[in-house]
Structures are given as C-alpha cells and as structure tokens.
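Chemist: Got a predicted structure plus its sequence, pasted below:
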Amino acid sequence: MDRAPKIPTARGRLPLVGHAWPMMRDPLGFLGSLADRGPLVRIAFGPVKAVLVCDAELAQQVFRDDRTFDKGGPFTERVRDVVGNNLSTCPHHEHRRQRRLLQPAFHVGRFDAYGRAMAAQITDRVDAWHDGQVLDVPAEMAMLTTNVLTATMFSDTLSPAQLKQSQEDADVLATDILPRMMMPRAFTRLPLPVNVRFERAHTRIRRTIETIVAARRREGGDRGDLLSALLAGYDEESTGADRTLSDHEVVDQMLTFHLAGSETTAVTLTWALHLIARHPDVERRLHAEVDAVLAGRTALPDDVPALELTGRVVTETLRLRSPVYVLTRVVTADTELGGHRLPAGTVVAYSPYPIHHDARLYPDPHRFDPDRWDPARKPARHAFVPFANGARKCIGDRFSLMEATLALASIVARWRLAHVPGEEEVRPAAAAVIRPKRLRMRAFRRDPGS
C-alpha cells in the first residue's frame with residue numbers, strides 16, 4: 001500500500017485522447033502545470049498512460065537505476081519503429097555493449113576534426129544570407145544543422161540533391177511522429193495521408209544511409225567522420241560477431257544521429273536567436289564577446305573556452321526551451337518511487353520542463369538569464385537534464401553543445417537578427433521536439449565592433 005496519497009492525474013484530460021489535446025494546443029503551458037499537481041503526475045496520451053516525474057531528485061533515481069527503469073513503453077517502441085534498436089532505444093541488457101562500441105566516435109581526440117567540419121558548413125550557410133533578408137529561422141537552422149550533421153557523419157558522401165531530400169524527409173518524420181504516437185498501433189498501418197507521407201520519408205532516408213554504409217564498408221579507411229568511427233568500432237568485452245557493429249546496427253545508429261542531432265540543435269539555435277532578440281542587454285554583451293574573440297570570422301573548436309557567454313546562452317536556452325520534452329521508461333520489477341509503489345510494467349515518463357522551471361532550483365525560473373550559469377552561481381548538476389543523466393545520458397551531448405556554440409557565435413559575429421514587426425510573440429508547437437510554429441527575422445549585416 002502507498003505511504004503517500006494517491007498519485008494525482010494532470011488536469012485537462014479528455015475522453016479517448018487523454019491529455020493529447022492540451023499538449024498539442026499549448027505544450028509549454030501543459031508541461032508547466034504538471035508540477036503543481038505533485039512530484040509524480042498521471043498523464044495519458046491517447047491509449048498511452050504514464051506516471052510523469054516532475055521532481056529533480058526522483059528523476060535522478062530513475063536515471064541512476066536504468067535496470068529497473070529500463071528504456072521502453074509505447075513512446076519508445078514507436079521511436080524504435082523508426083530508428084531501430086540503437087543506443088537511445090535498446091533495452092538495458094544491450095546498452096553497455098552498444099555504448100562501448102560508440103564511445104570512440106565521441107572521443108575528445110575526434111572533436112577538432114568534427115568542429116572544423118562544422119565551421120565550414122556554418123560559414124557556407126551563414127554567408128549566403130544578404131543584408132535586410134527576412135529569414136524563415138526554423139528552416140534556416142534546420143538546413144544549417146542538417147549540413148553540419150551530414151558533413152560530420154558522412155564526410156562528403158551526400159550530393160546536394162540527397163542533402164536537400166534528407167532534410168525534407170527528416171522534417172516530415174519530426175512533424176508526423178507525434179500524431180502517429182497518439183494513434184493505436186493498428187491505425188499507423190492504415191493508408192492515411194500522415195502514414196503514407198511518413199513511410200515514404202522513412203523508407204527513402206533509411207535507404208540512403210544503407211547505401212552509404214555499404215559503400216563505405218567496401219572502401220575501408222578513416223575519413224575522420226562519425227561513420228568511419230562506427231565502422232571501426234571494436235568491443236573486447238564481447239565475443240564473436242558482437243565485437244563489432246553490423247551494417248544494420250550502424251544504419252540504426254546513424255539514422256538516430258541524423259534525425260535527433262539535426263532537429264534538436266536546430267530548435268535550440270532557433271529559440272536562442274529569438275531570446276537574444278528579445279533581450280538587447282544580452283545581445284550587446286554577446287556582440288562584445290564575439291567581436292573580441294572572433295573579429296567577424298567563423299568560430300572554431302579552440303575558440304569555445306573563450307566564448308563563455310555564448311555557451312551560457314546555449315545552456316539557458318536548453319533550460320527554458322529544452323527540445324526534448326517527454327521521454328519514457330518502463331518499470332521492469334515492482335519498485336517504489338516517491339513513496340508510491342509502481343508495479344512492473346508501469347510506464348514512467350520524465351520531462352525536463354517542470355524540472356527546469358522549479359523555482360526551488362532556478363529562482364525566477366521563467367526569466368531568460370544566461371548569468372545563472374556563471375560558475376559562481378551554477379545550479380546543481382541534477383537540476384539540468386536536457387540530455388537526461390546517468391548511464392543513458394545522451395552520448396552526443398558535448399557534440400551538440402559544441403555545434404550550437406560554434407553556430408551561434410558565428411551567426412552573432414556577422415549578423416544581428418531582429419523580429420519582423422508584429423511577429424515578436426512566438427508560439428511553441430509540439431512535434432518530435434517543441435519548436436516555434438513560425439519565426440521570421442530580418443538579418444542585418446554587422447561589422448565587428450560596430
């Protein structure tokens with residue numbers, strides 16, 4: 001029997017769809033209301049029911065015990081349908097082997113090459129803008145991060161046409177995966193427009209990666225990209241064929257990096273540019289920093305330590321507008337969380353949003369304040385979870401932070417982006433990530449020191 005009161009249910013639940021409608025209508029408002037109900041809250045998205053963790057300490061308990069709180073649940077299964085059984089979706093008993101095989105791809109020794117490939121792509125995209133141009137910021141950032149990801153993952157393997165198609169397909173998958181998650185599984189097989197569009201994009205992007213992986217396996221060699229590192233991965237703790245990644249496993253990993261890596265960083269940059277424009281004091285200080293460090297050039301990996309404020313802006317953006325907003329685990333054995341007994345099979349979800357807006361952890365939590373990440377004030381590590389934590393923490397966190405810092409600094413060094421008059425208010429939309437529904441900004445070329 002529970003020693004605590006019954007776990008409350010989130011407000012706004014509707015017949016059949018559960019909390020899907022309030023989530024789709026106002027994702028940040030819905031997520032922000034959950035902690036008011038308690039540290040644990042019951043939610044339902046269509047047929048999917050879960051206990052959502054709103055408390056940082058309880059979230060750490062889930063992160064630390066990844067055997068009891070294993071990757072699983074309906075949301076994870078739907079994602080697995082798309083990206084396969086990879087590092088982010090595999091169950092506990094497969095995770096350690098996959099982590100060991102992928103870790104060399106994210107070794108610090110490879111980051112300089114990754115960063116220089118990022119810088120080249122950032123330069124090409126940002127230098128294509130012209131003074132006074134009105135930018136569709138989400139689309140521009142999506143193209144920039146797709147270019148960066150394909151350069152760092154595949155080197156120069158993709159043609160411009162393939163690159164454009166892969167970006168369009170990734171956008172379809174990111175947009176349509178949430179409505180498909182809300183459907184009963186049987187409905188995802190019906191010839192509905194959303195399903196047809198989704199399956200075509202998924203098939204096309206997977207076949208492209210399969211073709212690249214097969215060709216690179218035949219060629220051999222190390223091009224300094226992620227794919228080379230995965231193909232060369234070797235795990236001494238495994239035996240037989242498990243010591244390396246099969247081509248199928250490599251495709252699963254690369255598909256995840258391509259979809260998750262480009263979308264999350266693009267959304268982070270989009271929100272950051274919006275927030276900077278809304279806070280002129282931060283914008284002025286950023287200009288001073290990038291002018292002193294870069295003098296108008298593109299940022300390189302060696303510049304990152306000096307780009308302190310830029311890094312804090314990225315971190316504060318991730319706190320306020322964490323792209324990933326709900327992830328699920330499944331309880332593998334009867335356990336207790338927050339004084340409540342959770343039987344095996346319970347789906348446990350967590351969201352960074354209620355944790356990142358807890359006033360006990362972040363004073364004035366809705367205020368954009370990059371200085372809260374000053375080393376003298378920095379919040380506790382367990383209070384910041386955009387990449388999760390524990391053994392299942394995102395393996396690409398440092399990669400993503402470096403990419404966002406290099407891109408943001410390089411943009412701010414060359415351009416000042418201002419909202420189109422009348423469009424300063426930006427509404428969030430829930431898809432695979434929480435992203436702006438629409439954000440147009442005018443680009444003004446600037447000179448260092450101006």
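Modeler: Good, I have the coordinates.

Chemist: Now for the nearest residue to Thr89 once chain neighbours are set aside, how many residues are close by?
Modeler: Computed as CB to CB, 6 or more residues apart in numbering, the closest residue to Thr89 that is not its neighbour in sequence is Arg80, at 4.4 Å. All C-beta spots, glycine's among them, are computed from the backbone N, C-alpha and C. Using other CB atoms under 10 Å, Arg80 has 18 neighbouring residues.

Chemist: Wait, a helix at Arg80?
Modeler: Yes: according to DSSP: H, G, I helix; E, B strand; the rest coil, Arg80 belongs to a helix.

Chemist: how far away is it from Arg197?
Modeler: Counting by CB to CB, to the nearest Å, the gap from Arg80 to Arg197 is 20 Å.

Chemist: same check, this time on Leu28
Modeler: 27 Å.

Chemist: who has more neighbours, these two?
Modeler: More neighbours surround Leu28 than the other of Leu28 and Arg197, with 18 against 15 (other CB under 10 Å).

Chemist: Name the nearest residue to Glu283, sequence neighbours excluded.
Modeler: Ile276 is the one closest to Glu283 (CB to CB, 6+ apart), at 5.1 Å.

Chemist: Report the buried residues of the helix or strand harbouring the one you found.
Modeler: Assigning secondary structure by DSSP states H and E places Ile276 in helix 262-278. Neighbour-count burial for helix 262-278 flags 262-277 (criterion: 16 or more other CB atoms under 10 Å).

Chemist: Now do Gly132: how many residues are near it, please.
Modeler: With other CB under 10 Å as criterion, Gly132 counts 9.

Chemist: so where do the strands sit in the stretch 1-150 of the chain?
Modeler: 40-45, 48-53, 69-71, 134-136 (DSSP state E, counting those that start in this stretch).

Chemist: Please identify which of those is closest to Glu210.
Modeler: strand 69-71 (24.1 Å; CB to CB).

Chemist: So which elements touch that closest one?
Modeler: helix 92-102, strand 327-331 (3 or more CB pairs under 8 Å, 6 or more residues apart in numbering; DSSP states H and E).

Chemist: Pick the most buried one from those.
Modeler: strand 327-331 (a mean of 22; mean count of other CB atoms under 10 Å).

Chemist: Name the residues that touch it?
Modeler: 50, 62, 66, 68-76, 342-351, 388 (CB atoms under 8 Å, 6 or more residues apart in numbering).

Chemist: out of those, which are buried?
Modeler: 50, 62, 66, 68-76, 342, 346-351, 388.

Chemist: quick check: longest helix of this protein.
Modeler: helix 193-219 (DSSP state H).

Chemist: so what does that helix touch, helix or strand wise?
Modeler: Against helix 193-219 (3+ CB pairs under 8 Å, 6+ apart) you get helix 160-182, helix 226-232, helix 247-256.

Chemist: Contact partners for Asp171?
Modeler: Counting by CB under 8 Å, 6+ apart, Asp171 has contacts Ala142.

Chemist: Also Asn147?
Modeler: Here Asn147 is in contact with 121, 124-125, 163 (CB under 8 Å, 6+ apart).

Chemist: and the gap between it and Gly32?
Modeler: From Asn147 to Gly32 the distance is 34 Å (CB to CB).

Chemist: next one: Glu283
Modeler: Distance from Glu283 to Gly32, by CB to CB: 26 Å.

Chemist: now swap in His93 and tell me
Modeler: Look at His93 and Gly32: by CB to CB, they are 36 Å apart.

Chemist: any low-confidence regions in this structure?
Modeler: 1-4, 156-157, 449-450 (pLDDT under 70).

Chemist: please redo it, this time with the cut-off set to 80
Modeler: 1-5, 46-47, 73-75, 155-159, 178-185, 431-432, 448-450 (pLDDT under 80).

Chemist: most centrally placed residue in it?
Modeler: In the chain, the residue lying closest to the centroid (CA atoms, centre = their mean) is Thr264, at 3.3 Å.

Chemist: For that one, which residues are in contact?
Modeler: 323-324, 400, 433.

Chemist: which among those residues end up buried?
Modeler: Buried, going by 16+ other CB under 10 Å: 323-324, 400, 433, out of the contacts of Thr264.

Chemist: Need the max-distance pair from those residues.
Modeler: Pairwise over the buried ones among the contacts of Thr264, using CB to CB, the maximum falls at Ser400 and Val433, 12.5 Å.

Chemist: Switch the helices and strands packed on helix 193-219 over to CSV; also include distance to Met141.
Modeler: As requested, those are arranged in CSV below (distance: least, CB to CB, whole Å):
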stretch, distance to Met141
helix 160-182, 11
helix 226-232, 21
helix 247-256, 20
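
Chemist: how about those, which one is nearest Cys54?
Modeler: Among the helices and strands packed on helix 193-219, helix 160-182 sits nearest to Cys54 (CB to CB), with 20.7 Å.

Chemist: Could you check the angle that closest one makes with helix 193-219?
Modeler: Computed with axes from the mean of the first three to the mean of the last three CA atoms, to 10 degrees, the direction of helix 160-182 lies at 130 degrees from that of helix 193-219.

Chemist: Quick one: distance of helix 160-182 to the chain centre.
Modeler: Distance, stretch centre to chain centre, for helix 160-182: 15 Å (CA atoms, centre = their mean, to the nearest Å).

Chemist: All good on my end, thank you.
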